[in-house]
Every structure is written in C-alpha cells, then in structure tokens.
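# sequence first, then the predicted structure:
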Amino acid sequence: MSQGSNFVDYVKICCRSGKGGAGSAHLHRDILTSMGGPDGGDGGRGGHIIVKGSIHIWTLLHLKYRKHIIAEDGGAGGSSHKFGKQGKDEILEVPLGTIAKDAETGEILFEITKDGETKILTAGGRGGLGNAHFKNSVQQTPRFAQPGEQGQEVWNILELKVLADVGLVGFPNAGKSTLLSVVSAAKPEIADYPFTTIVPNLGIVSYRGGKSFVMADIPGIIEGASKGKGLGYRFLRHIERNSVLLFMVPADTSRSIKEEYEILKSELESYNPELMQKPHVLAITKSDMLDEELMEEMKQDLPNIPSIFISSVAEKNILELKDMLWKAIEG
C-alpha cells in the first residue's frame, strides 16, 4: 500500500440497479394463422450491482470517484415466447475485509472475506411476464402483459477493515514501521518525526518451515483517539480485524512501560471492548540502547502479558518475537 491519498478505506456510492424488461402481449400471427393465441415472452431481469472480493486489491481508491453505479435495464420480451435480454450486471471488485452498509440506516448488509466471493448489493428488477402466462379457459387471448419491476436506487457505504494476523499498536515513533520493514518486504515510509505512517501498511512475515503471517502497521494512536483525536480514530477500525495485537512501546518513553501500555489499552477498550478479548503481546522497542542490568530492572514493572525486548535496527530478538506471535496466532 502506498502512502497518502492512494489508500482509501471508505466510500459512499449511489447504486441504481437495472429495471426489469416488460413482458410482451403479442398474439401469434403467421401466413396460415390469422387469429393465433398469446405467445408473448417474458422481459429480461434488470442488472444487479454485485460486490466481489479480490486478493489483488488493497484499497477502495478505484471507487472513490465513481459516485453513481448504474446497472443496465433488462430487455422487453418478444413474440414466439422470446425472452428479453438480461441487463448487464455491474461488478465492483473490493479488497477482502470490506463491509457493505446501508447509508441511511447504518445497517450492515454483508462482509466480503474470501477471494472471488460475490454478494448482491442492489438487486435488479424482475422481468415482467408475457401474456402467454395469463391464458386460461376463460381468457383465451389475453391482450396484456406485466410491466417490468423497477430497479432500486439506494446509497450504500463500502468500508474496508484491514484483515491481518498481527496488528501493530503504539504511539507515533514507537518503531512500528521499522519493525514491519525488517520482518517483511513491505517498504513503509520511515522518518524521525511523528505520524510518518498515515495509512495502514501490510507485510507478509516469513516464519519457520515455510510458514508466514500477515502483519499490519496501523497509524500511531494518541491519547483521546477513541474520542476522535488525531489520525488514530479513523484507523482504529482496522485493528478490530487483527487476530493478535502487538503493543509497541519504545524503551526511551517518558512514561513507564506499563503506564504507556495501559493508556494504549484504554484507548482500544473505549473504542471497542471486544478488543480486550484478543491476545496481547508487548514489544519494548529500541532496546539496543539498554544494558542487561537496566533491562532486568525494567522487567520488574512490566504488565502481565507476554513481553520481549527488541531492536529492529540491530535485529535483536526478532526471531524470538516471531515465535511469540506465532504461538499467539495459533493459540
């Protein structure tokens, strides 16, 4: 994922499905038949608007400027019981983890989690029945047919929540992007100022025996993020989809390690208490500046969760961190 405006995780679109084609009220006529019976065909179904999951898409950028999605109308039925043409469906490819909502009510309609999975976002109108359906013993030559059903026009929201095995949680400059760049082939922007990461980044982390897992670098959280402060609130929803939360606290923090972890945990709990049910792992970053004596002293005041001292730059304890994360994922 590239930085800035290339990452879009929320779009609001107007979806108009196709109108069903009208049934035909045709009566059969040919050179030998001057007063034949009804042979009107059914109208074609209007086009659906369909959402399809794709592993090749990471963002909703391609839908950002498509505010109106319009499917094709169905064709009218014809003589000799000919069906009308079915309206062409509009297929919207989206990243895995995309949720569709009704923009008016906020109701969640469905979620796309698998490659190739399809769901109908807005159904096309049904085609009308031709007059052949209405012939009976009383009415031998009905001269009417059904009109096609109207399509729907609704506003929908597509919202992406990044799917990952491990989500990195921490304040700005905690070393999240640096860790991701060391353990995976991802190339997040890294600099010595806060909020370098302004969009989530994903990386595939190689593990022992040819195994791997997905790690997500979430933009830094600040105090009050759950109340809408900073960048954090916009991206907190991405943390909801991560199996394991890796809290990252730099060794040179002005607070204690435990205090900083509790603040981060409190922000997540305020946003969504269910996040507290996920496995938590703590990594104390930039620990290459610490000696063994200082680390032993700091260990006495760590929270009661699996913890490890790491240095991404010196690649200290990186393999051990992977072991801890894999155990948490598998657990």
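Nice, thanks for sending it over. Being a predicted model, the structure only gives us computed values, none of them experimental.
# quick one, strands of the stretch 151-300 of the chain?
Under the criterion DSSP state E, counting those that start in this stretch, the stretch 151-300 of the chain carries strands at the ranges 153-160, 164-169, 201-206, 212-217, 242-250, 280-285.
# and the fifth one, what does it pack against?
Right, the one you point to is strand 242-250. If you count contacts as 3 or more Cβ pairs under 8 Å, 6 or more residues apart in numbering; DSSP states H and E, strand 242-250 packs onto strand 164-169, helix 257-271, strand 280-285, helix 318-330. For the C-beta atoms, the positions are set from N, CA and C on the backbone; glycine is no exception.
# any idea of the mean pLDDT for that strand?
Summarised as a single mean, pLDDT over strand 242-250 is 90.
# repeat for stretch 106-125
Model confidence over stretch 106-125 averages 94 on the pLDDT scale.
# ok, now stretch 313-322?
Summarised as a single mean, pLDDT over stretch 313-322 is 90.
# in stretch 51-67, which residues are buried?
Taking 16 or more other Cβ atoms under 10 Å as the basis for neighbour counts, the residues of stretch 51-67 that come out buried are Val51, Lys52, Gly53, Ser54, Ile57, Trp58, Thr59, Leu60, Leu61, Leu63.
# returning to what we had before: any chance of the strands of the stretch 151-300 of the chain in JSON lines, with mean neighbour count and distance to Lys322 too?
Below are these laid out as JSON lines (neighbours: other Cβ atoms under 10 Å; distance: least, Cβ to Cβ, whole Å):
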{"stretch": "strand 153-160", "mean neighbour count": "18", "distance to Lys322": "27"}
{"stretch": "strand 164-169", "mean neighbour count": "26", "distance to Lys322": "10"}
{"stretch": "strand 201-206", "mean neighbour count": "20", "distance to Lys322": "7"}
{"stretch": "strand 212-217", "mean neighbour count": "22", "distance to Lys322": "9"}
{"stretch": "strand 242-250", "mean neighbour count": "23", "distance to Lys322": "11"}
{"stretch": "strand 280-285", "mean neighbour count": "24", "distance to Lys322": "11"}
